[in-house]
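Q: Got a predicted structure here, sequence first:
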Amino acid sequence: MVQILGNNHTNGVILLLAASLDYLIGDPWGWVHPVQVMGWVISHFTQLAIHLWQQPWQRRLAGIGLGIGLIIGSGVAGWFIVLLGIWLNPFLGIGIGTILLASCFAGRSLRAAAMDVLQPLTAGELKLARSRLSQYVGRDTENLCESEILRAVLETVAENTTDGVTAPLFYAIVGALIPGVGSVPLALAYKAASTLDSMVGYRREPYTNLGWFSAKFEDLLTWIPCRLTVLTLALMSGKPQQVWHLCRRDAIADPSPNSGWSESAFAVILEVQLGGTNFYSGVVKQKPLLGKPTYEITPGKIDQALELTRYCFLIWLGIGLVFCLVQYSLSCRICKPVWSFVIGQ
């Protein structure tokens with residue numbers, strides 16, 4: 001069973017099927033999603049920790065335990081579920097692996113969220129657009145004008161391109177190339193880290209200490225795929241040196257080691273400006289300005305950003321499938337002579 005799970009041919013099939021499933025269906029309403037289960041665990045543990053532990057060091061230890069436990073637990077659970085499916089039937093295992101891995105990709109969901117806001121906005125229904133935007137962003141949306149709504153949507157697309165699309169794919173490819181592991185465990189583990197960061201990774205009480213580990217660890221896990229995403233987008237733009245130079249100039253001003261890079265890349269390529277004044281629960285937060293406002297942000301610019309995200313994902317998927325195929329071919333060349341020698345003995 002472990003041999004089948006670590007088979008690069010099988011992992012390549014699961015990668016391709018999962019990407020296709022996310023593109024065609026996304027996350028069906030009413031289905032239990034792994035992130036919902038993760039969110040349930042995080043929410044209940046957080047309430048318990050806030051009630052039981054008051055000292056900063058106690059909450060920090062609790063947060064470390066929550067982070068390590070959920071990240072490793074999610075990966076192990078995914079590995080075991082796929083292994084159990086393969087034990088029952090190899091095709092069942094591939095099907096389960098496909099569904100679990102597709103749940104880690106947010107390409108279709110990201111486009112659906114953007115369109116959900118843009119549809120009423122372009123129809124002149126500003127109040128409805130603000131209401132829908134509030135479901136996807138943490139900033140206050142009640143008083144946002146049209147241009148600020150468009151900026152919020154584009155910033156969401158830019159940031160989530162890494163967190164929700166390319167980073168899970170990166171770890172799925174890495175897992176596919178590790179014998180006996182497979183794509184699902186590492187992708188689910190990253191998804192757990194991302195969910196932890198979004199739920200408890202805040203610099204305000206009661207999450208300051210409880211979410212410290214989750215925020216730092218998610219930043220660490222996202223660092224490499226974020227830079228690779230920016231590099232891919234820069235190459236796609238046809239002006240890689242300019243994009244990389246401006247990202248290095250602007251991104252360092254952002255307190256996040258990753259979101260500033262991904263937002264800068266989109267701002268430079270689309271020739272718009274992101275960042276500025278945001279309100280969170282009535283509190284002003286000034287984000288650094290990224291890029292130059294050569295053009296205004298329009299629904300067309302957001303559509304271009306979504307296309308960049310899709311093409312970046314497809315490029316990485318193609319590279320991942322090639323890696324799987326090459327490693328599978330090499331393993332066959334090595335294993336067959338060895339097996340023939342053993343049989344001959």
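A: That came in fine, so what should we check first? Residues are numbered from 1 along each chain as shown.

Q: R151: how many residues sit nearby?
A: For R151, the number of neighbouring residues by other CB atoms under 10 Å comes to 21. For every residue, glycine as well, the C-beta is placed using N, CA and C.

Q: Identify the residue spatially nearest to it, adjacent ones excluded.
A: I297 (5.5 Å; CB to CB, 6 or more residues apart in numbering).

Q: Would you confirm that that neighbour belongs to a strand?
A: No: I297: not assigned to a strand; according to DSSP: H, G, I helix; E, B strand; the rest coil it is coil.

Q: which residues touch L52?
A: The contact partners of L52, by CB atoms under 8 Å, 6 or more residues apart in numbering, come to none.

Q: Give me the pLDDT for it.
A: At L52, the predicted lDDT confidence score is 87.

Q: same question, the one 10 residues further on
A: The score at A62 is 91. That number is its pLDDT.

Q: Give me the phi and psi angles of it.
A: Phi and psi for A62, reported as degrees, to the nearest 10, are phi -60, psi -40.

Q: ok, it touching A49?
A: Yes: at 4.3 Å, A62 counts as touching A49 under the criterion of CB atoms under 8 Å.

Q: Quickly list what's touching both of these two.
A: L210.

Q: Just read off the phi/psi values of the residue nearest to R151.
A: phi -80, psi 120.

Q: ok, so what distance separates it from L274?
A: According to CB to CB, to the nearest Å, I297 and L274 sit 8 Å apart.

Q: and for those two, which residues touch both?
A: In contact with both I297 and L274: 151, 154, using CB under 8 Å, 6+ apart.

Q: now the helices for the stretch 151-300 of the chain?
A: Under the criterion DSSP state H, counting those that start in this stretch, the stretch 151-300 of the chain carries helices at the ranges 167-176, 183-200, 207-210, 212-237, 240-251, 259-270, 299-344.

Q: Tell me which of those sits nearest to V82.
A: Taking CB to CB, helix 183-200 is the member of the helices of the stretch 151-300 of the chain nearest to V82, at 5.3 Å.

Q: Can you spell out which helices and strands pack onto the closest one?
A: For helix 183-200, the packing partners by 3 or more CB pairs under 8 Å, 6 or more residues apart in numbering; DSSP states H and E come out as helix 8-24, helix 34-52, helix 56-88, helix 90-102, helix 167-176, helix 212-237.

Q: make it 10 Å
A: If you count contacts as 3 or more CB pairs under 10 Å, 6 or more residues apart in numbering; DSSP states H and E, helix 183-200 packs onto helix 2-5, helix 8-24, helix 34-52, helix 56-88, helix 90-102, helix 167-176, helix 207-210, helix 212-237.

Q: Can you tell me which of those is most buried?
A: Comparing these by mean neighbour count (mean count of other CB atoms under 10 Å), helix 167-176 comes out on top with a mean of 26.
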